[in-house]
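Asker: I would like to see how this sequence folds:
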Amino acid sequence: MTRRVLVSGNWKMNHNHFESIQFVQKLAAILRASPLPSGRDASLHPPFTSLRSVQTAVESDAVPVALGAQDCHGMDRGAFTGEVSAEMLAKLGVSYVIVGHSERRTYFGETDEIVRAKLDAVLRHAMTPILCVGETLDERQGGRAEEKVSAQLGTALSKRPGSVVGGLVVAYEPIWAIGTGETATASDAQHMAAHIRREVERLSGAEAAGGIRVQYGGSVTPENARVLLSCPDVDGLLVGGASLGAEGFAAIGRAGA
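Answerer: The predicted model follows:
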């Protein structure tokens, strides 16, 4: 069976709700003229303040993209000022939720245990987590890249049924390539994507390893998307800055098809 590619646009702290609506309207026009190829899925991950606006715009223009969120809290409700729960996201029609993004781990001190709790919450409300894993430059140069990614996967995925794990998305983020203009080579991306799949097989079985989708995320552009998607174990892309423009995001969605 041919695996479906998932291209996800993580807008981070960009696009207010007016700009978000304009983006979706522009993307709708682009995709009406030239739809994404067969076998390509796409998700948009706006800031929380733009979720409702994007949801409404996507539905009204019948844009073939899924609604995604950038994060959530591990609890469904409670005294957590400023937080947004997975339950709230599910009520908005969110399909994918990013958990454990490198910026959340680095800037907000999220541990592997916190990431697991968030993944639990996303699954509890029948959404698909995009679990981010990846190594720092020091860890890579010290020969500990695979060890780091294995530890992150182990904490997040251990003791879960293979049928559940097989439905997840894992995004490999070489932290040294996030927002730096540096990009892992296709060989680097394939090496770690294959390692992730082997680890999932070890943790959850061969069926789960065959079912998960492994994205690459790290300074993805329309220019490098094709070669990254040519890697046999890379099933999609987690796109940051290049997803802020409708033309660029659509170009990445079509890359290599």
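Asker: For this structure, which segments are assigned as strands?
Answerer: Counting by DSSP state E, the segments of the chain that form strands are 5-10, 40-45, 66-69, 96-99, 128-133, 169-172, 213-216, 236-239.
Asker: got a markdown table for these, with mean pLDDT, mean neighbour count and distance to Val24 too?
Answerer: No exception for glycine: its C-beta is placed from N, CA and C like everyone else's. What follows is the strands of the chain, written out as a markdown table (pLDDT from 0 to 100; neighbours: other CB atoms under 10 Å; distance: least, CB to CB, whole Å):
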| stretch | mean pLDDT | mean neighbour count | distance to Val24 |
| --- | --- | --- | --- |
| strand 5-10 | 98 | 25 | 11 |
| strand 40-45 | 97 | 24 | 8 |
| strand 66-69 | 98 | 24 | 10 |
| strand 96-99 | 98 | 25 | 16 |
| strand 128-133 | 98 | 26 | 20 |
| strand 169-172 | 98 | 25 | 22 |
| strand 213-216 | 97 | 26 | 22 |
| strand 236-239 | 97 | 26 | 16 |
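Asker: how about CSV for those strands, with distance to Ser150 added?
Answerer: Shown next, in CSV, are these (distance: least, CB to CB, whole Å):
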stretch, distance to Ser150
strand 5-10, 23
strand 40-45, 26
strand 66-69, 26
strand 96-99, 18
strand 128-133, 9
strand 169-172, 12
strand 213-216, 14
strand 236-239, 20
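Asker: Lys159 is nearest to which of those strands?
Answerer: The minimum distance between Lys159 and the strands of the chain falls on strand 128-133, with 15.1 Å, by CB to CB.
Asker: re earlier: which of the strands of the chain sits closest to Gln152?
Answerer: strand 128-133 (4.2 Å).
Asker: quick one: that closest one to strand 40-45, angle?
Answerer: 80 degrees (axes from the mean of the first three to the mean of the last three CA atoms, to 10 degrees).
Asker: Tell me which of the strands of the chain lies nearest to Ser163.
Answerer: The nearest among the strands of the chain, by CB to CB, is strand 128-133 at 13.5 Å.
Asker: What strands line up against the closest one, and which way round?
Answerer: strand 96-99 (parallel), strand 169-172 (parallel) (DSSP bridges).
Asker: If you count neighbours, what's buried in the helix-or-strand element of the chain with minimal mean pLDDT?
Answerer: Between all helices and strands in the chain, the lowest mean by mean pLDDT, DSSP states H and E belongs to helix 137-141, at a mean of 88. In terms of neighbour count (16 or more other CB atoms under 10 Å), helix 137-141 has its buried residues at 139-140.
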